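>>> Here is a sequence with its predicted model. Questions after.
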Amino acid sequence: MSTQTATPDAPPAPEPRTKAGRRPSPAPRPRRTQGLTSKVAVNAVLAVVAVYTLMPLTWLLIAATKNYRDLFATNPFSLGDFHLLSNLEALFAYNDGLYGRWLLNSLLYTLVAAVLSTLVSVACGYAFDKYVFRGKEKLFGVVLVGVLIPSTVVQLPLYLMASELGLVDTYWAVLIPSLVNPFGVYLARVFSEGYVPGEVLEAARVDGAGELKTFTKVALPMLAPGFVTIFLFSFTANWNNFYGALMMLNDERLYPVNLGLFMWNQNVYQQPELYPLVIIGSLVAVVPLIVAFLCLQRFWRSGLTAGAVK
Amino acid sequence: MAAPLTRPAKNPPPRAASPSGGPAAPKSPGGPGARRGQRRAVALFMVPFFALFTAVTVLPMFYAAWMSLFREESSGLGFGGTERVFAGFGNFTEALGNEAFLRSFGHIAFYCVLYIPAMVGGALILALLVDSAMARARRFFQIAYFLPHAVPGLIASLIWLYLYTPGLSPVTDVLDALGANWNFFGQDEAIYSVVNISAWQWTGYNMIIFYAGLQAVPREVLEAATVDGSGALRTALQVKVPMIRPTVVLTLLFTCVGAIQLFDAPKLVQLRANTMGEDWSPTMFIYTVAFKGHDYGLAAASSLLLALVAGLLSFVVTKLGNRWKAS
């Protein structure tokens, strides 16, 4: 896999221990006849699972083209009259374009938070990697404990604090907590070790560059792939943040998309005409993200590998 | 998400020959002035993170500890005029004696028993299958399996909620046609509905991680196994799986920590499954106590207990993981 080369740590040198510990056994049995059936079986299993993973999204796509009547009257996987465009229109028109506002809010909560939190994490991880100072590993231990503290556990105390400070029901209440990403600091340190050779920094210093300039002009460009990876992690975490927004926000004009859809869904019993809106709203919220993920595949894959392998 | 077991300090950087911090070594040409500059740089680079971390994680924990020692006592009609009364460890004993709170942990335990083998096992099997020489269209399968993870958790739950709803759902139609009498919102079935949503979201994600691990297994080792007469199945189970065991352990760790915080999926299933209760999971319990019951003291105490359980769980799984790795 070509993305393998993007991971900061080179794959480990071949370790022949499995081989060494094994006694020689008889020559391999011929398995040609078996080959075809197992090949079909393997691919059949893979295909069935692919149907399972893709089915809900396919249903969403089809359901989004139906109006309320067809949604319940027609077969879920056959097309009714094509209402995708009128559904879209209804979605963005409903309640003075509330949904559009939710989209913008989501963009604010995810993009702004992801950019800032990634910058904060990369600077910190870089400092952990490239500088010597007292208590460094202890401080890094604090970061690792931070990785292990589940965010939902802190959410309630965070709410209580925010309400003391009068921040509840403001953009800040959702934005500030998402600026912290201890896992990003961990990843940034790993990336800095792999991508930024100390000699280059030394050279920059000899040339008279200050520490800040060395970081922004020399190290940061070298860390770009790591930056994108951490950004993606942070982006998904914030895009998924429902519990926090549910606690912090009452004003529906401040909602992110997922909280808004949740509230609409709570009302579908009283207002069944909201069904198509929830469905098309989900589709509109999901499609850009899927497209983004497909385009940025290389990065999330190298990120997963950097974080998990070894 | 794999931080805690592999501390980077223990993997020396492959390229730079200097130990971490090498460039900042005292022999740097600028002399003591440069060192002071570097100390200032460390502060500059680290203060933003640690200031935010303190504000958003450390202080709330202390604040929760403080809040958990008090009880709100309502006076008069109950709204507006509440009074904060010192309760000592009263909230903790109340939480520990609260049947709903304890039951919510039971639910999570049962959920884990169903979910972890299915999801981790499924991800491992899929990774091995895609890695096997017999698989076709590997890129397509990887993308197809990963896509659910690109869907935000709440929206994934929402989609499945509709797929569980008779009349809307193709799934219930198929089940009815097969004569299966399955009510996704039934008392016994609801938990499977929750497990399915989680499995749909996470199996592909973990499959990609395992697959990346399998790709890093040196080809020589696999060739040696084949020469030694090991079939595909045996190579998979006895050579490949042991080599990615640390990765599997990490996945288990993060899955456990994730399970303890379960909220979105059960919250949505609970909207239709009347038998589930608004306090089905610990997080749902805390939310309900805080926002329906307005008992912040009890909610704060429960949050701390949940954090404690999450911490213990991480600790135990990490220890177990290290033992497996050592063996």
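Arrived safely. Numbering: from 1, shown residues only, chains lettered A, B, ... in the order given.
>>> contacts and neighbour counts: CA atoms only from here.
OK.
>>> What segments of the stretch 51-200 of chain B are helices?
B:59-67, B:90-97, B:99-131, B:138-150, B:153-163, B:170-177, B:190-215 (DSSP state H, counting those that start in this stretch).
>>> angle of the longest one against helix B:190-215?
This means helix B:99-131. 40 degrees (axes from the mean of the first three to the mean of the last three CA atoms, to 10 degrees).
>>> distance between helix B:99-131 and the chain's centre?
Chain-centre distance of helix B:99-131: 11 Å, with CA atoms, centre = their mean, to the nearest Å.
>>> center of chain B, which residue is that?
Closest to where the C-alpha atoms of chain B average out (CA atoms, centre = their mean) is residue B:258, at 2.3 Å.
>>> Which pLDDT value belongs to that residue?
In this prediction, residue B:258 carries a pLDDT score of 87.
>>> picking that back up, least reliable of the helices of the stretch 51-200 of chain B by average pLDDT, please.
Among the helices of the stretch 51-200 of chain B, helix B:170-177 scores lowest, with a mean of 81.
>>> For the residue nearest to the centre of chain B, list the residues it contacts.
Counting by CA atoms under 8 Å, 6 or more residues apart in numbering or on different chains, residue B:258 makes contact with residue A:150.
>>> show me the contacts for the nearest residue to residue B:266 once chain neighbours are set aside.
Nearest non-adjacent residue to residue B:266, counting by CA to CA, 6 or more residues apart in numbering or on different chains: residue B:194, 5.8 Å away. By CA under 8 Å, 6+ apart, the contact list for residue B:194 reads B:265-266, B:269.
>>> mind running it again at 10 Å?
B:111, B:115, B:157, B:160-161, B:184-185, B:262, B:264-270 (CA atoms under 10 Å, 6 or more residues apart in numbering or on different chains).
>>> now do residue B:46
Counted by CA under 10 Å, 6+ apart, residue B:46 has contacts A:120-128, A:185, B:40.
>>> buried subset of those residues?
Applying 16 or more other CA atoms under 10 Å in any protein chain shown to the contacts of residue B:46, the neighbour count classes A:120-128, A:185 as buried.
>>> Now the two most distant members of these.
A:120 and A:128 (12.5 Å; CA to CA).
>>> ok, the residue nearest to residue B:266 to chain A distance?
Distance, residue B:194 to chain A, using CA to the nearest CA, to the nearest Å: 15 Å.
>>> Residue B:114 now?
18 Å.
>>> Run a quick neighbour tally on that residue.
15 (other CA atoms under 10 Å in any protein chain shown).
>>> Return the backbone torsion pair for residue B:261.
phi -100, psi 10 (degrees, to the nearest 10).
>>> Would you check that it makes contact with residue B:306?
Yes. When contacts are counted by CA atoms under 10 Å, residue B:261 is listed as touching residue B:306 (8.6 Å).
>>> Now list whatever residues contact both of these two.
Taking CA under 10 Å, 6+ apart as the contact rule, residue B:261 and residue B:306 both touch A:150, A:152-153, B:282-283.
>>> Generate a ChimeraX selection restricted to the buried entries among these.
Only the buried entries of those go into this ChimeraX selection, using 16+ other CA under 10 Å:
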select /A:150,152,153 /B:282,283
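>>> Which strand or helix spans the residue in the stretch 151-300 of chain B that chain A sits nearest to?
Using CA to the nearest CA, residue B:229 is the residue of the stretch 151-300 of chain B that sits closest to chain A, at 4.3 Å. For residue B:229, there is no helix or strand it lies in under DSSP states H and E.
>>> Could you tell me how many residues sit around it?
So residue B:229, with other CA under 10 Å, has 17 neighbours.
>>> pLDDT score for it?
82.
>>> which sections of the stretch 201-310 of chain A are below the confidence cut-off?
For the stretch 201-310 of chain A, residues meeting the criterion pLDDT under 70 lie at A:300-310.
>>> again, 80 this time
For the stretch 201-310 of chain A, the stretches flagged by pLDDT under 80 are A:296-310.
>>> The residue nearest to residue B:270 when sequence neighbours are not counted: which element?
Leaving out its chain neighbours, the residue that sits closest to residue B:270 by CA to CA, 6+ apart is residue B:276, at 5.6 Å. Using DSSP H and E, residue B:276 sits in no helix or strand.
>>> what are the phi and psi angles of residue B:276?
Torsion angles, degrees, to the nearest 10, at residue B:276: phi -80, psi -40.
>>> shouldn't it be in contact with residue B:267?
Yes. If you go by CA under 10 Å, residue B:276 and residue B:267 touch, sitting 9.3 Å apart.
>>> ok, now how distant is the spatially most central residue of chain A from residue B:199?
With distances taken as CA atoms, centre = their mean, residue A:236 lies nearest the centre of chain A, 2.5 Å away. For residue A:236, the distance to residue B:199 (CA to CA, to the nearest Å) stands at 18 Å.
>>> quick one, what contacts residue B:129?
A:39, A:42-43, A:45-46, B:123, B:135-136, B:138, B:211, B:233, B:236.
>>> Can you tell me which of those are buried?
Buried among these by 16+ other CA under 10 Å: A:39, A:42-43, A:46, B:123, B:135-136, B:211, B:236.
>>> Quick check: buried residues in the helix or strand that contains residue A:225?
Using DSSP H and E, residue A:225 sits within helix A:224-240. Of all the residues in helix A:224-240, those buried under the rule 16+ other CA under 10 Å are A:225-240.
>>> Isn't residue A:236 up against residue A:110?
Yes. The pair residue A:236 / residue A:110 is scored as a contact, 7.9 Å apart, by CA under 10 Å.
>>> Around residue 98, how many other residues sit close by?
Just going to use chain A. 18.
>>> meant chain B actually
Applying other CA under 10 Å, we find 11 other residues in the vicinity of residue B:98.
>>> Which neighbouring residues are in contact with it, exactly?
Contacts of residue B:98 (CA under 10 Å, 6+ apart): residue B:92.
>>> Model confidence for it, exactly?
Value for residue B:98, per-residue pLDDT: 92.
>>> same question, residue A:128
94.
>>> what's the nearest residue to it if we skip its chain neighbours?
Using CA to CA, 6+ apart, the nearest residue to residue A:128 is residue A:189, at 6.4 Å.
>>> Then residue B:84?
residue B:72 (4.6 Å).
>>> for residue B:227, phi and psi?
phi -60, psi -40.
>>> Could you count how many residues lie near it?
Around residue B:227 there are 16 residues (other CA under 10 Å).
>>> and the closest residue to residue A:282 other than its chain neighbours, how many neighbours?
Nearest non-adjacent residue to residue A:282, counting by CA to CA, 6+ apart: residue B:155, 6.3 Å away. Per other CA under 10 Å, the neighbour tally for residue B:155 reads 27.
>>> from memory residue B:155 sits against residue A:257, does it?
Yes. Between residue B:155 and residue A:257 there is a contact under CA under 10 Å: 9.3 Å.
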